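> Okay, sequence plus prediction incoming.
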Amino acid sequence: MAGSGADVWVADLEDSLVPTWPWLLEAHEAIADYLSEADQGQRPTLMVRPRGLHLDDVHLDVAAPIVDVGMVVARHSKALAAFGSAPYFYLPKIETHAEAIWWNDLLGAVEKAWSLPIGSIRVSVLLQTVHAAPDGRNSARPSYAGHGVDCWPL
């Protein structure tokens, strides 16, 4: 990835991964390997796309994004801070204002639990439905960094 010219590498745990426990662990190992490589200043920024709120993690019996966000922050926030970065997430398929609030509450709780400054976890949000906009992006503050919009049938 170092020579790709990309500004961002999205580690997609949502649509690009079969969520078996061995594959999830391997994906997190790939993230760790990426962060342990030398010359971080020349690498694309890491952005993790956790599994959506509509998915459960059957291995730990909780909502899948709790596992993904928790593992990234617990395992990688210190490595990211060491080279001037932070946990960045691309939040998939936000469908309602309530879901955006859920994400905001989760990220705030994670920042508090890991003694990270408020707003240090940054997110880009995919607004899946018209019902999530514009309140969906406003509910993710102070972590909100940007958003994308999916195709909405009219």
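That came through, no problem.
> okay, CA-based contacts and neighbour counts for the rest of this
Noted.
> can you pull the contacts of the residue nearest to the spatial centre of the chain?
Centroid-nearest residue in the chain: residue 89, 2.5 Å away (criterion: C-alpha atoms, centre = their mean). With contacts defined as C-alpha atoms under 8 Å, 6 or more residues apart in numbering, the neighbours of residue 89 are 47, 48, 49, 50, 121, 122, 123, 124.
> for residue 52, same thing?
Going by C-alpha under 8 Å, 6+ apart, the list of residues near residue 52 reads 14, 64, 65, 91, 92, 93.
> Just to be careful, could you list which of the residues you listed are in helices?
64, 65 (DSSP state H).
> is it possible to export the contacts of residue 52 to JSON lines including distance to residue 36?
As requested, the contacts of residue 52 are exported to JSON lines (distance: C-alpha to C-alpha, whole Å):
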{"residue": "14", "distance to residue 36": "23"}
{"residue": "64", "distance to residue 36": "25"}
{"residue": "65", "distance to residue 36": "24"}
{"residue": "91", "distance to residue 36": "24"}
{"residue": "92", "distance to residue 36": "26"}
{"residue": "93", "distance to residue 36": "30"}
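> From the contacts of residue 52, pick the one nearest residue 75.
Closest approach to residue 75 among the contacts of residue 52 (C-alpha to C-alpha): residue 65, at 15.1 Å.
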